[in-house]
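# can't give you the sequence, but here's the structure:
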């Protein structure tokens, strides 16, 4: 009997049915994917330690003992400490004035309340460590690091029977993390939503898979269809990491305006910009990203200062639901996201298409 191509070492490692990981900031999406046979990693970098603990308990109550993951940002370049006010005081007048001009030009409204950034783990290492301690205390089955190497937490996690996944955009980063002993590497290409590097998915996945030995490689970047899943496995990956795919799902808590934009978007509607956070990031185009790409724009600030600068624009746009101003992290595979479906159906459709793809190539499969 032919081997099931979707029965990979990632499936065996996580005890799941399908080698598909959903990265999401929505608990309902995470639970739906977990209960449908995939895996889910919940992004918690914007939450307080208490909120993270509550979210972990909420998920556990709904998945019947299944494994799941939590993603944090652990950038070594973040300041050791510092309040929001202290960090904001270091923003230069030139960049502050340019942000004011954008706000005036596009009539960007003020946020309705305090800027919701004071809990972001990328602001300083003290915040990130406090978030990480919750994951260790709760013995979350999988810790994933969306920014920064998680090598420093390996001993503490492994002592608690937890797995650690590292996300990389360069082969040399993968080499260091594999040597350190991470349990899986997410090789993320330029196509990806959010913070991402400059190497294409097709290249980075194959390169990292060639050096991985027994470490499972998870392909990320533009993955939105079953054909992408099949291609990733052929490149040497043991599964895929998906994000944009779930934003327009029925369960997603994304604003309906954003869902509609995503459903109508193509790859050309995304941009690769440092203007949101100070690090390269793929998002839907908006006036903020476009203005910072002009010759008149001053230098983009390093993280976390650019994130603090953009926060007023972003929250004002979101609070007032200004479609002409709003943006969202979105990968270049967004053009394949064309209908609003339940997360379970999205997963099963991807699996079915991947199996159909393999059958067209090699004949009947188990």
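In hand now; what should we look at? Small disclaimer: the values here were computed from a predicted structure and weren't measured.
# all strands for the protein, in order.
Taking DSSP state E as the test, the strands found in the chain are 20-24, 39-43, 69-73, 142-147, 163-168, 184-188, 194-195, 217-220, 239-242, 270-273, 281-284.
# The last one - contacts with which helices or strands?
Right, strand 281-284. strand 194-195, strand 270-273 (3 or more CB pairs under 8 Å, 6 or more residues apart in numbering; DSSP states H and E). Just so you know, the C-beta spots here come from the backbone N, C-alpha and C atoms, and that holds for glycine as well.
# closest to residue 178 out of the ones you listed?
strand 194-195 (20.6 Å; CB to CB).
# gap between that closest one and the chain center?
7 Å (CA atoms, centre = their mean, to the nearest Å).
# Quick one: mean pLDDT for it?
Regarding strand 194-195, the rounded mean pLDDT is 92.
# Could you list every helix and strand that that strand packs against?
Packing contacts for strand 194-195, counted by 3+ CB pairs under 8 Å, 6+ apart, involve strand 142-147, strand 281-284.
# If you average pLDDT over each of the strands of the chain, which is lowest?
Among the strands of the chain, strand 142-147 carries the lowest mean pLDDT, a mean of 89.
# tell me which strands and helices that strand is in contact with?
strand 39-43, strand 69-73, strand 163-168, strand 194-195.
# can you give me the angle it makes with strand 39-43?
50 degrees (axes from the mean of the first three to the mean of the last three CA atoms, to 10 degrees).
# Paired strands for strand 142-147, with orientation please.
According to DSSP bridges, strand 142-147 forms sheet pairs with strand 69-73 (parallel), strand 163-168 (parallel).
# can you give me the angle the shortest one makes with strand 184-188?
Computed with the same axes, to 10 degrees, the direction of strand 69-73 lies at 60 degrees from that of strand 184-188.
# And for the longest one?
Strand 163-168 runs at 20 degrees relative to strand 184-188, counting by the same axes, to 10 degrees.
# could you check the angle strand 20-24 makes with strand 163-168?
Angle, strand 163-168 to strand 20-24, by the same axes, to 10 degrees: 80 degrees.
# Hmm, residue 147 is touching residue 128, no?
No. Assessed by CB atoms under 8 Å, residue 147 is found out of contact with residue 128, at 9.4 Å.
# what's the overlap in contacts for those two?
Among the neighbours of residue 147, those also in contact with residue 128 (CB atoms under 8 Å, 6 or more residues apart in numbering) are 73, 74, 75, 122.
# Would you point out the most distant pair within these?
Going by CB to CB, the pair spanning these furthest: 74 and 122, at 8.7 Å.
# Are there residues contacting both of the two? Which ones?
By CB under 8 Å, 6+ apart, residue 74 and residue 122 have these common neighbours: 128, 147.
# how about the helices and strands packed on strand 142-147, which one is nearest residue 80?
Of the helices and strands packed on strand 142-147, nearest to residue 80 by CB to CB is strand 69-73, at 15.2 Å.
# Give me the contacts around that closest one.
Residues outside strand 69-73 that contact it (CB under 8 Å, 6+ apart) are 21, 23, 39-45, 52, 56, 120-122, 128, 131-132, 135, 140-148, 165.
# now swap in stretch 298-313 and tell me
75, 77-79, 84, 87-88, 90-92, 94-96, 98-99, 102-103, 108, 110-111, 115-117, 120, 122-124, 274-279, 288, 292, 325.
# what pLDDT does residue 287 get?
98.
# ok, so what distance separates it from residue 100?
As judged by CB to CB, to the nearest Å, residue 287 and residue 100 stand 14 Å apart.
# Between these two, tell me which one has more neighbours.
residue 287 (19 against 12; other CB atoms under 10 Å).
# and that one, what is it in contact with?
Counting by CB under 8 Å, 6+ apart, residue 287 touches 102, 105, 106, 324, 325.
# go with 10 Å
Contacts for residue 287 (CB atoms under 10 Å, 6 or more residues apart in numbering) come out as 102, 103, 105, 106, 108, 313, 317, 322, 324, 325, 326, 327.
# Show me how far stretch 307-315 is from its chain's centre.
In terms of CA atoms, centre = their mean, the centre of stretch 307-315 is found 19 Å from the chain centre.
# Stretch 4-18 too?
21 Å.
# For it, measure first residue to last.
11 Å (CA to CA, to the nearest Å).
# residues of that stretch that come out buried?
Across stretch 4-18, burial judged by 16 or more other CB atoms under 10 Å covers 5, 6, 8, 10, 11, 13, 14, 16, 18.
# Likewise for stretch 224-244?
Applying a neighbour-count criterion of 16+ other CB under 10 Å, one finds 224-226, 228-233, 235-244 buried in stretch 224-244.
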